[in-house]
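Undergrad: I'd like to go over a predicted model; first the sequence, then the structure.
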Amino acid sequence: MAGWWRALLRAARRYPWPTNVLLYAALFSAGDALQQRLRGAPADWQQTRRVATVAVTFHGNFNYVWLRLLERALPGRAPRAVLAKVLCDQAIGGPVAVSAFYAGMSILQEKDDIFLDLKKKFWNTYKSGLVYWPFVQLTNFSLVPVHWRTAYTGLCGFLWATFLCFSQQSGDGTFKSAFTFLHVKEANALERSPKK
(Lines give C-alpha, C1' and ligand atoms only; values in the text may rest on other atoms or scores of the structure.)
Protein backbone atom coordinates (compact mmCIF):
# COMPACT_ATOMS: atom_id res chain seq x y z
CA MET A 1 0.00 0.00 0.00
CA ALA A 2 2.83 2.39 0.79
CA GLY A 3 4.20 1.90 -2.73
CA TRP A 4 1.13 3.23 -4.53
CA TRP A 5 0.85 6.10 -2.04
CA ARG A 6 4.44 7.17 -2.74
CA ALA A 7 3.75 6.91 -6.48
CA LEU A 8 0.66 9.08 -6.09
CA LEU A 9 2.58 11.68 -4.10
CA ARG A 10 5.32 11.71 -6.73
CA ALA A 11 2.77 12.07 -9.54
CA ALA A 12 0.99 14.92 -7.74
CA ARG A 13 4.26 16.82 -7.38
CA ARG A 14 5.54 16.06 -10.86
CA TYR A 15 2.24 16.28 -12.76
CA PRO A 16 -0.10 18.14 -10.43
CA TRP A 17 -2.72 19.13 -12.99
CA PRO A 18 -3.57 15.72 -14.50
CA THR A 19 -3.17 13.91 -11.17
CA ASN A 20 -5.58 16.27 -9.41
CA VAL A 21 -8.07 16.31 -12.28
CA LEU A 22 -8.14 12.51 -12.60
CA LEU A 23 -8.50 12.02 -8.84
CA TYR A 24 -11.28 14.60 -8.78
CA ALA A 25 -13.12 12.94 -11.69
CA ALA A 26 -12.78 9.46 -10.18
CA LEU A 27 -14.20 10.60 -6.84
CA PHE A 28 -16.99 12.62 -8.46
CA SER A 29 -17.97 9.61 -10.60
CA ALA A 30 -17.91 7.34 -7.56
CA GLY A 31 -20.40 9.74 -5.96
CA ASP A 32 -22.77 9.12 -8.86
CA ALA A 33 -22.35 5.35 -8.53
CA LEU A 34 -23.10 5.58 -4.80
CA GLN A 35 -26.18 7.70 -5.46
CA GLN A 36 -27.50 5.06 -7.88
CA ARG A 37 -26.89 2.36 -5.30
CA LEU A 38 -28.64 4.33 -2.55
CA ARG A 39 -31.64 4.85 -4.80
CA GLY A 40 -31.77 1.10 -5.38
CA ALA A 41 -31.48 1.60 -9.11
CA PRO A 42 -29.53 -0.78 -11.30
CA ALA A 43 -26.09 0.49 -12.22
CA ASP A 44 -26.38 2.99 -15.07
CA TRP A 45 -22.82 3.17 -16.38
CA GLN A 46 -23.82 5.57 -19.17
CA GLN A 47 -24.98 8.03 -16.52
CA THR A 48 -21.76 7.57 -14.55
CA ARG A 49 -19.78 8.06 -17.77
CA ARG A 50 -21.64 11.34 -18.37
CA VAL A 51 -20.84 12.48 -14.82
CA ALA A 52 -17.19 11.51 -15.36
CA THR A 53 -17.15 13.46 -18.62
CA VAL A 54 -18.45 16.62 -16.93
CA ALA A 55 -16.03 16.11 -14.04
CA VAL A 56 -12.93 15.58 -16.18
CA THR A 57 -13.70 18.12 -18.92
CA PHE A 58 -14.95 20.90 -16.70
CA HIS A 59 -15.12 20.46 -12.92
CA GLY A 60 -11.67 19.03 -12.26
CA ASN A 61 -9.97 21.52 -14.58
CA PHE A 62 -12.04 24.45 -13.33
CA ASN A 63 -11.23 23.61 -9.72
CA TYR A 64 -7.54 23.22 -10.45
CA VAL A 65 -7.28 26.60 -12.17
CA TRP A 66 -9.74 28.34 -9.83
CA LEU A 67 -8.03 27.24 -6.61
CA ARG A 68 -4.64 28.37 -7.92
CA LEU A 69 -6.08 31.67 -9.08
CA LEU A 70 -7.52 32.24 -5.60
CA GLU A 71 -4.15 31.42 -4.05
CA ARG A 72 -2.36 33.89 -6.33
CA ALA A 73 -4.91 36.64 -5.74
CA LEU A 74 -5.16 36.05 -1.99
CA PRO A 75 -1.95 34.28 -0.93
CA GLY A 76 -1.33 32.64 2.39
CA ARG A 77 -3.14 31.02 5.27
CA ALA A 78 -3.78 34.06 7.42
CA PRO A 79 -7.41 34.15 8.65
CA ARG A 80 -8.27 37.21 6.54
CA ALA A 81 -6.88 35.60 3.34
CA VAL A 82 -8.61 32.27 4.05
CA LEU A 83 -11.98 33.93 4.69
CA ALA A 84 -11.63 36.05 1.55
CA LYS A 85 -10.90 32.91 -0.50
CA VAL A 86 -13.92 31.12 0.97
CA LEU A 87 -16.13 34.12 0.21
CA CYS A 88 -14.87 34.37 -3.40
CA ASP A 89 -15.27 30.64 -3.85
CA GLN A 90 -18.87 30.70 -2.69
CA ALA A 91 -19.82 33.87 -4.57
CA ILE A 92 -18.16 32.97 -7.89
CA GLY A 93 -16.89 29.39 -7.96
CA GLY A 94 -20.01 27.79 -6.50
CA PRO A 95 -22.51 29.24 -8.98
CA VAL A 96 -20.20 28.47 -11.93
CA ALA A 97 -19.74 24.85 -10.82
CA VAL A 98 -23.45 24.21 -10.17
CA SER A 99 -24.43 25.81 -13.49
CA ALA A 100 -21.84 23.84 -15.42
CA PHE A 101 -22.98 20.58 -13.84
CA TYR A 102 -26.67 20.96 -14.66
CA ALA A 103 -26.10 22.38 -18.15
CA GLY A 104 -23.31 19.89 -18.93
CA MET A 105 -25.39 16.90 -17.84
CA SER A 106 -28.37 18.15 -19.86
CA ILE A 107 -26.18 18.50 -22.95
CA LEU A 108 -24.79 14.97 -22.54
CA GLN A 109 -28.29 13.60 -21.94
CA GLU A 110 -29.40 15.37 -25.13
CA LYS A 111 -32.29 17.13 -23.43
CA ASP A 112 -34.32 19.55 -25.53
CA ASP A 113 -33.93 22.40 -23.02
CA ILE A 114 -30.41 22.20 -21.62
CA PHE A 115 -31.19 24.93 -19.09
CA LEU A 116 -34.39 23.40 -17.65
CA ASP A 117 -32.71 21.56 -14.74
CA LEU A 118 -30.55 24.60 -14.11
CA LYS A 119 -33.58 26.89 -13.93
CA LYS A 120 -35.51 24.50 -11.68
CA LYS A 121 -32.75 23.42 -9.31
CA PHE A 122 -30.01 26.07 -9.27
CA TRP A 123 -31.09 28.13 -6.25
CA ASN A 124 -31.95 25.14 -4.09
CA THR A 125 -28.66 23.45 -4.97
CA TYR A 126 -26.64 26.62 -4.45
CA LYS A 127 -28.24 27.18 -1.03
CA SER A 128 -27.58 23.54 -0.10
CA GLY A 129 -23.96 24.03 -1.16
CA LEU A 130 -23.69 27.02 1.17
CA VAL A 131 -24.36 24.65 4.06
CA TYR A 132 -21.51 22.32 3.04
CA TRP A 133 -18.80 23.99 0.96
CA PRO A 134 -17.72 26.93 3.15
CA PHE A 135 -16.59 24.46 5.84
CA VAL A 136 -14.83 22.28 3.28
CA GLN A 137 -13.02 25.22 1.74
CA LEU A 138 -12.15 26.72 5.11
CA THR A 139 -10.26 23.51 5.86
CA ASN A 140 -8.88 23.36 2.33
CA PHE A 141 -7.46 26.88 2.30
CA SER A 142 -6.06 26.75 5.81
CA LEU A 143 -4.62 23.21 6.03
CA VAL A 144 -4.17 21.57 2.60
CA PRO A 145 -1.04 22.22 0.50
CA VAL A 146 -1.79 23.97 -2.79
CA HIS A 147 -0.75 20.98 -4.93
CA TRP A 148 -3.38 18.78 -3.20
CA ARG A 149 -6.31 21.21 -3.06
CA THR A 150 -8.14 19.96 -6.14
CA ALA A 151 -7.82 16.35 -4.98
CA TYR A 152 -9.06 17.33 -1.50
CA THR A 153 -11.99 19.17 -3.10
CA GLY A 154 -12.67 15.99 -5.09
CA LEU A 155 -12.61 13.90 -1.93
CA CYS A 156 -15.15 16.21 -0.29
CA GLY A 157 -16.87 16.45 -3.65
CA PHE A 158 -17.57 12.72 -3.46
CA LEU A 159 -20.30 13.42 -0.90
CA TRP A 160 -21.44 16.49 -2.80
CA ALA A 161 -21.54 14.55 -6.08
CA THR A 162 -23.69 11.89 -4.45
CA PHE A 163 -26.17 14.60 -3.49
CA LEU A 164 -25.82 16.54 -6.76
CA CYS A 165 -26.35 13.46 -8.94
CA PHE A 166 -29.39 12.48 -6.86
CA SER A 167 -30.76 16.01 -7.33
CA GLN A 168 -30.13 15.91 -11.05
CA GLN A 169 -31.82 12.50 -11.40
CA SER A 170 -34.80 12.79 -9.06
CA GLY A 171 -34.42 15.50 -6.43
CA ASP A 172 -35.12 19.21 -6.33
CA GLY A 173 -31.69 20.41 -5.23
CA THR A 174 -32.49 20.46 -1.51
CA PHE A 175 -31.00 18.33 1.23
CA LYS A 176 -34.56 17.81 2.41
CA SER A 177 -35.52 15.89 -0.75
CA ALA A 178 -32.46 13.64 -0.41
CA PHE A 179 -33.04 12.96 3.29
CA THR A 180 -36.76 12.40 2.74
CA PHE A 181 -35.98 9.86 0.02
CA LEU A 182 -33.49 8.03 2.25
CA HIS A 183 -35.93 8.07 5.18
CA VAL A 184 -38.79 6.66 3.06
CA LYS A 185 -36.46 4.02 1.62
CA GLU A 186 -35.36 2.99 5.12
CA ALA A 187 -38.98 2.86 6.33
CA ASN A 188 -39.95 0.67 3.37
CA ALA A 189 -37.03 -1.65 4.05
CA LEU A 190 -38.08 -2.00 7.70
CA GLU A 191 -41.67 -2.81 6.64
CA ARG A 192 -40.44 -5.53 4.29
CA SER A 193 -38.08 -7.14 6.78
CA PRO A 194 -39.42 -10.36 8.34
CA LYS A 195 -40.62 -9.96 11.89
CA LYS A 196 -39.32 -12.27 14.57
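TA: Received it, and whenever you're ready, just let me know what you need. Because the structure is predicted, anything quoted here is derived from the model rather than measured. Numbers count the residues shown, from 1 in each chain.
Undergrad: show me the contacts for the residue nearest the centre of the chain.
TA: For the chain, residue 157 is the residue whose C-alpha lies nearest the centre (CA atoms, centre = their mean; 3.3 Å). Residues counted as contacts of residue 157 (CB atoms under 8 Å, 6 or more residues apart in numbering) are 24, 27, 28, 31, 59. Quick note: C-beta positions are derived from backbone N, CA and C, even for glycine.
Undergrad: Just put the residues you listed in a markdown table and tack on neighbour count, secondary structure and pLDDT.
TA: Output for the contacts of residue 157, formatted as a markdown table (neighbours: other CB atoms under 10 Å; DSSP: H, G, I helix; E, B strand; the rest coil; pLDDT from 0 to 100):
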| residue | neighbour count | secondary structure | pLDDT |
| --- | --- | --- | --- |
| 24 | 27 | helix | 86 |
| 27 | 21 | helix | 89 |
| 28 | 27 | helix | 89 |
| 31 | 24 | helix | 91 |
| 59 | 25 | helix | 92 |
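Undergrad: residue contacts, residue 94?
TA: 126, 129, 130, 133.
Undergrad: what about 7 Å?
TA: By CB atoms under 7 Å, 6 or more residues apart in numbering, residue 94 lies in contact with 126, 129, 133.
Undergrad: Report the buried members of those residues.
TA: 126, 129, 133 (16 or more other CB atoms under 10 Å).
Undergrad: Following element in sequence after the host helix or strand of the last one, please.
TA: Using DSSP states H and E, residue 133 maps to helix 116-143. Moving toward the C-terminus from helix 116-143, the first helix or strand encountered (DSSP H and E) is helix 149-169.
Undergrad: Any buried residues in that following helix, and which?
TA: Applying a neighbour-count criterion of 16+ other CB under 10 Å, the buried positions in helix 149-169 are 149-158, 160-169.
Undergrad: What of stretch 116-134?
TA: 117, 118, 121, 122, 124, 125, 126, 128, 129, 133, 134.
Undergrad: The fourth one - nearest residue in space that isn't next to it in sequence?
TA: Counting by CB to CB, 6 or more residues apart in numbering, the nearest residue to residue 122 once its immediate chain neighbours are dropped is residue 98, at 6.0 Å.
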